[in-house]
Structures are given as structure tokens and as C-alpha cells.
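Undergrad: Sequence first, predicted coordinates after that:
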Amino acid sequence: MTAPTPTASGETPVGEGARGQALANAILNATLAALFVALFVQADSLPSSMWEPLGSGSFPRLVLAALVVFNLSILTQSLLTLRRPDCKAGAGAAAWFVQRRLAFATLAAFALYALSMPWLGFPLASLLFLAGVQWTLGARRGRRLAIALIVAAVFSLGLYWLFGEVFRISLPAGRLW
Amino acid sequence: MPMTTALLSSLDQLFTLATLLSMMIGVVAGVIAAAIPGFTVTMAIVLTLPVTFTMPPLQGVATMLAVYVGGCSGGLISAALLGIPGTPSSVATTFDAYPMARRGEPGRALALGIWASFFGALISALVLIVAAPPLAMIAVKLGPWEYFSLILFAVTVVASLVGKSVLKGLMMSLLGLFIATIGQDPMMGVPRFTFGLDLLASGLPFLVVLIGIFAVSQLAGEVENPAELQQNKALIQGRIRFEPFKVLREVLSRPGNLLRSSLVGVVIGAVPGAGGSIANLIAYDQAKRASKTPERFGTGIADGVVASESGNSATSGGGLIPMIALGIPGSAVDAVLMAALMVQGISVGPRLIMDNADLAYGIFLAMFLASAMVLVFCLLSMRWFLRITEIPKSIIVPVVLICCAVGALALNNRVTDLYLLIGIGLMGYLLAKLDYPLAPLVLGVILGPIAETNLRRALMANEDWTLFLTRPISLALLVLAVLSVAFTVRRALRQRGTE
């Protein structure tokens, strides 16, 4: 993460791929604005208190109202960027996802790991996740594969033992066993 | 008890083999715990607490202080080497230390952080000894109006500090504040925006948000390039050098930045509830504003690392000020420290210095000693920590993801926190790809409940909204909040004008 010098407008940089980013920004902010308006309305039904002027829903409503204003501002900027003649299209959404397939595969494996943990338990789920992801990321044969398997065993069984026996924090053991 | 007698008695109790040994173990545990994404100083302190029950009071507190001071410095390691803040107080460290490390200077980034942390902790310990009671009196005079304005200031500072757009920064801060409202209302206990889901019933724990937003999204970003992974590339390429004594000169050549950032850390640390998560950002912001080359902040410069690390380390001493002088813990960690003393039958507050002067002075001295131990340990061990950067991405990414999962699980022992972690991680990854800064969101989540509680308390005490503008400290903070945004917008407009 870096902290580059901000621009006042938040304008999307124009050039290759700027069109896709502006479009994504526009869709995201339009969706968020609609969601926040719905939540703003829902927050109205939260109870108030006779002991304080602000009820349970006042602070969230204040924040949601400000959020909608910011969403609409970013949406407007994105739409203006899209209208600029120098705003060029990039490789397209499908190509964008394909380029980042390993990142999404890792996140998908992490999700699968979390979902399987209550059933398989921490040690087995972690072992499979670590071995599987390292294999996906390139540890396919020979020395790299052997190291990957050792790392998987150490960080799954080792952490389970460390937390259970030393810190007395029990990690899920699994419902299947 | 006369001061010299108390001081000598505390020295006698502190410099025993058992105390020094337990402090050294505490330092190592604190540094390692904070260096692992997902583990926090608070967790390490809580785990240390039962061990101290059998120790004499000063040894127990000194050990916990060692974990605390070690943890304040340990967050630097993952912030600099992985771009993942080990603790909320190292968020600003990622702004410059990580780019510096990625540029091929991880040793310099770590050494700068180590020295800045040491001097920050040292300055805060000095202030603790000299000015604890008067500072504490000022800190407790802050009412809910000032607290709310302080949070608003912190949120606007970080929104204008990071990212390419102030609008996006502010939007992310607000999104963080909104996420913090999910779950139980902090004052009435009413469930809000939970939609009947158990997953959201107790809200989104800030630690899960911190790990998800920074660690998961950052790690996913590391494995985007198949060619790099095929070549078994590590996080940082090239030969790594670690020359701490050369870097010491670099740190000492910035006395203004070091002193200003440390004092910001002490003052913010002394305000109960604010703590290191704000101090590092405000110290960074102040250093950027005082710099002749503010545009270089965020590109991997020494001033950024020095400001953040000295600022967050100084909060360790600052946080002790209200605890020792008034019996009010400044943060969760201070509350655990206070519990450790109370278990031993020692009352904390103004009477501590009167009834147990040797213990109070012992705590001050333990701060000094712990800082020195952290320095020695870090200087000796950093070469090993730097090896992390040589580990291929295909190994380090899944291993750190497992550590994140353990951190989320260990927090409340709930698998649902793991589901939240993944959802938040995916959201963070996509938002980062669209150039939305992530730090304001995390800060919003951390500070949201404090902001809401204080706003509601303020209006419960007096329904007059204008008090936010008529109370001098509150007004000053609100003016600073407006100025921080205006200053950034003006600078950006100027830059666009010259381009």
C-alpha cells in the first residue's frame, strides 16, 4: 500500500483501461448509493430512547446520508470521465479476471478452506489448503513439492498443537471425527 | 516513601535475574506476536496475564510492559516486509516502509523503524516520569464533544493522507463508520443491520476487518503474476543489507520529526480510548505537513517511517499516564495491565504513587528497560526476520493466510469470523484494484463506536449542538479537520495547475 499525493477531484486517470475502471466505479457507486438509501430507510424503524435525543438509528442515518452524497459525487465524476474522448477501453472485464486468475483461485481456495473447517477440522483443512494452494502457485514437482508438503504439515499440525497445548485455545477439531 | 528510597527500591526489584529474564521473554513474545498478521499485542498481553499471577507485582507488570513495548515495535516487521500492518498502530508505517522495502531496501526500512520506535518509547518514558499527573488532568478534562471532534479529525486526516482521491478517502472513512454500526447498538444494545443473521449479530470485529482488508487483499495481490510464481520469486528481489548504525545517523538527523511525532504519540496516548491507532496517522500527517517535500511521502522516504514508528511507540508511555495518575486505562492493553495490578491487590490511580511509590517508579523504569531490550533484540534478530523476504511467494502467501485465519479464529473462537474475514478480504482486494484507499475504512471501523458513543453522550448531557463549536478544544479539532481536507484539495489543485 502506498500513500500517493491525492488529487482534489478523484478523477480517474484517463488512458488505457480508464474506461473500464470508470465504468466499474460508476456501477459500484450506483449500487452502493441504492443500497445505502434502502438502509437509510430501514434505519428509521430502529427504536429511539426517551433518555437521549439521538436514538439507535440516528448515527447510522447520518453516516448513510453522507455516504450517498459521496457515492453520487464519485458516480458523477466517473460518468464525466466516460464521456471524455481520450478515455480508452482496456482489455475488458473477462481478460481482467483471467489475468488475475491465480489471485482469485487463492481467494476461492481460502473460502473453501473456511467452509470445510467445521467439518474437517483445523489441522486437515489447513493441511489441504496449504498443500493445494502451494501446488496451484507452482510447487508441482521435485524439491519445491517436497518443501511445500513439509510447510503444509508444520503450519497445520504445528499451529494446532501450539494453540491447543501451549496457549490453551482450541481450534476446531472437526465434526466428522 | 521518599523519592530516592522508592527509586532505589524499584531498581532493586527490577534488576533481579528472574525479572530481567521474564522481561526478555516478554519482549521476544511481543515482537513476534505483533509481527504475525492476525495476532495483536492485546492478545499477547492477555495470554501473558495468567503467567504473571505467581510473580511479585513489579515483575508481573514489568513482564507485561515488555510484551507491550515489544509489540509496539513488532508491528513494524509485517508492515515493512509484507505491507500488512501487524497492529492497527502500524497502518501509517506501511505507507513508506513498504515501498522502501519493495524498492530493495527492506533492511533500511526495518532499521529506521527500530530506531524510531526506540527513541519514541524513550521520549514517552521521559514524559511519563516528568509530566504524568498534569497531562492526565488535561486528558480527563476532554468531554464527549472533544472526543467526537478528535475522531472526526483523525478520520479526515487519514482520508486526505492516502489514496489518489480525497473523495474516495472520505467515502471509505464513512464506509468504515457505517460498518462499525452493524451489530449491537453500543448504548441501547439494539441489533442493527443484522438481517437476522448470526454472522452479523455481534457486529464486525475490527481485528477481522483489519486482517481481511490489509492482509487478505494484499496477499491476493502478491499472486497475480503467474510468471513470477513460476520462477519461484520472493517478495523482494536482490541482496538485502541491514546496516543499523548507518541508519541511526539518518534517524538522528531528523530530531524535529522524531520529537514532534513522539510528543504527538504521548499526547494522543494519554487520551483514554484514542491510542496508537490514531497516533501513528496524526504523527505521519504532521510530519508530511511540516516537510518541504510533502509530495515524496508515500514513496518510501525515511521521514514517513520515522514519524509513524516514533508516534506509535510513544503511545505506550502515553497510555500509562491516565492509568497511573487517575486509574483510567487508556486502551485495552492498559486495562489488562491494570487488571494485573488489581489481581495483586494494588489499587491503580492517584494513590499508586502515594501508597506504592516503588512500584510506580518501577513501572517507569521498566518502560526504559523494555525499550532498551526491544532495541537489542531487534538489532540482533532483524537479519533473521529479513529472511522472510527471501521466501518464495508461493510459500509465504498461503502460510500468512493460515496465520490470518488463526488470528480471526482465536479472537472469539467463532468460525463465522473466518467467513467474514474472507468476504472482507475479497471486498478489500476489489476496492484496492479500483484505487480506493483501505486505511480510512479500517480506521473508520475502529473509531466508529467511539465516535457514536461520544456524539450520543454529548447530546444526552446537553442537547445544544453548538457546544461542538463553542468548546475551544472541540472547535480547534473541527477546524483542523476542515483544514486537513482543504489543505489537501488546495495542494492537489495547485499540482494540477502546474502540470
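TA: Everything's here; your move.
Undergrad: where in the stretch 351-499 of chain B is pLDDT low?
TA: Filtered on pLDDT under 70, the stretch 351-499 of chain B yields the residue ranges B:495-499.
Undergrad: can you pull out the helices in it?
TA: Taking DSSP state H, counting those that start in this stretch to define them, one finds helices in the stretch 351-499 of chain B at B:357-385, B:393-412, B:416-433, B:439-461, B:467-470, B:472-498.
Undergrad: The stretch 51-200 of chain B too?
TA: B:57-81, B:93-102, B:106-140, B:144-161, B:166-181, B:198-201.
Undergrad: looking at the ones you listed, which is buried most?
TA: helix B:57-81 (a mean of 30; mean count of other C-beta atoms under 10 Å in any protein chain shown). C-beta: built from backbone N, CA, C; applies to glycine.
Undergrad: model confidence over that helix, on average?
TA: Mean pLDDT, helix B:57-81: 86.
Undergrad: Find the residue at the geometric middle of chain B.
TA: The centre of chain B sits closest to residue B:89, judged by C-alpha atoms, centre = their mean, with a distance of 1.3 Å.
Undergrad: hmm, I was thinking of chain A
TA: Mean-position check on chain A, C-alpha atoms, centre = their mean. Result residue A:107 at 8.9 Å.
Undergrad: Test my guess that the residue nearest to the centre of chain B contacts residue B:312.
TA: Yes: applying C-beta atoms under 8 Å, one finds residue B:89 in contact with residue B:312, separated by 4.0 Å.
Undergrad: Overlap of the contact sets of those two?
TA: Listed as contacting both residue B:89 and residue B:312 by C-beta atoms under 8 Å, 6 or more residues apart in numbering or on different chains are B:72, B:75, B:276, B:279-280.
Undergrad: Please tabulate those residues in a markdown table, including the columns distance to residue B:250.
TA: Output for these, formatted as a markdown table (distance: C-beta to C-beta, whole Å):
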| residue | distance to residue B:250 |
| --- | --- |
| B:72 | 21 |
| B:75 | 21 |
| B:276 | 24 |
| B:279 | 22 |
| B:280 | 19 |
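Undergrad: and which of those residues is nearest chain A?
TA: residue B:280 (12.4 Å; C-beta to the nearest C-beta).
Undergrad: Might one say that that closest one is in contact with residue B:92?
TA: Yes: in terms of C-beta under 8 Å, residue B:280 counts as a neighbour of residue B:92; the distance is 4.2 Å.
Undergrad: And these two? Which one has more around it.
TA: residue B:280 (37 against 34; other C-beta atoms under 10 Å in any protein chain shown).
Undergrad: Model confidence for the residue in chain B that chain A sits nearest to, exactly?
TA: Closest approach between chain B and chain A, counting by C-beta to the nearest C-beta: residue B:165, at 2.7 Å. At residue B:165, the model reports a pLDDT of 82.
Undergrad: From residue B:95, how far out is it?
TA: According to C-beta to C-beta, to the nearest Å, residue B:165 stands 16 Å off from residue B:95.
Undergrad: Can you list the buried residues in the helix or strand of chain A with the lowest mean pLDDT?
TA: Every helix and strand of chain A was ranked by mean pLDDT, DSSP states H and E. The lowest is helix A:93-99, at a mean of 82. Neighbour counts over helix A:93-99 (16 or more other C-beta atoms under 10 Å in any protein chain shown) mark no residue as buried.
Undergrad: next helix or strand past it?
TA: helix A:101-120 (DSSP states H and E).
Undergrad: what's the angle between the following helix or strand past that following helix and helix A:101-120?
TA: With elements assigned by DSSP H and E, the helix or strand that comes after helix A:101-120 is helix A:122-136. Angle of helix A:122-136 versus helix A:101-120, following axes from the mean of the first three to the mean of the last three C-alpha atoms, to 10 degrees, is 160 degrees.
Undergrad: Could you list every helix and strand that helix A:122-136 packs against?
TA: helix A:101-120, helix A:142-153, helix A:159-161, helix B:393-412 (3 or more C-beta pairs under 8 Å, 6 or more residues apart in numbering or on different chains; DSSP states H and E).
Undergrad: which one of those helices lies closest to residue B:381?
TA: Closest to residue B:381 of these is helix B:393-412 (C-beta to C-beta; 18.3 Å).
Undergrad: How about the closest one, which residues are buried there?
TA: B:393-411.
Undergrad: Equivalent analysis for stretch A:34-51, please.
TA: Buried-residue list, stretch A:34-51, by 16+ other C-beta under 10 Å: A:36, A:39-40, A:42-43, A:46.
Undergrad: Take those and keep only those in helices.
TA: A:36, A:39-40, A:42-43 (DSSP state H).
Undergrad: which one of these sits closest to residue B:348?
TA: residue A:43 (39.9 Å).
Undergrad: Isn't the closest one up against residue A:61?
TA: Yes: at 4.8 Å, residue A:43 counts as touching residue A:61 under the criterion of C-beta under 8 Å.
Undergrad: so who does residue B:289 touch?
TA: residue B:487.
Undergrad: What's the separation between residue B:320 and residue B:63?
TA: Look at residue B:320 and residue B:63: by C-beta to C-beta, they are 15 Å apart.
Undergrad: that older thread, list residues touching both of residue B:280 and residue B:92?
TA: Shared contacts of residue B:280 and residue B:92, defined by C-beta under 8 Å, 6+ apart, are found at B:307-308, B:311-312.
Undergrad: Where is pLDDT lowest across those residues?
TA: residue B:312 (86).
Undergrad: Hmm, residue B:97 and it touching each other?
TA: No: the criterion here is C-beta under 8 Å, and residue B:312 misses it with residue B:97 at 12.0 Å.
Undergrad: Spatially, which residue comes closest to residue 71, not counting chain neighbours?
TA: Reading this off chain A. Nearest residue to residue A:71, sequence neighbours excluded (C-beta to C-beta, 6 or more residues apart in numbering or on different chains): residue A:33, at 3.9 Å.
Undergrad: wait, I meant chain B there
TA: The nearest residue in space to residue B:71 (C-beta to C-beta, 6+ apart) is residue B:41, at 3.0 Å.
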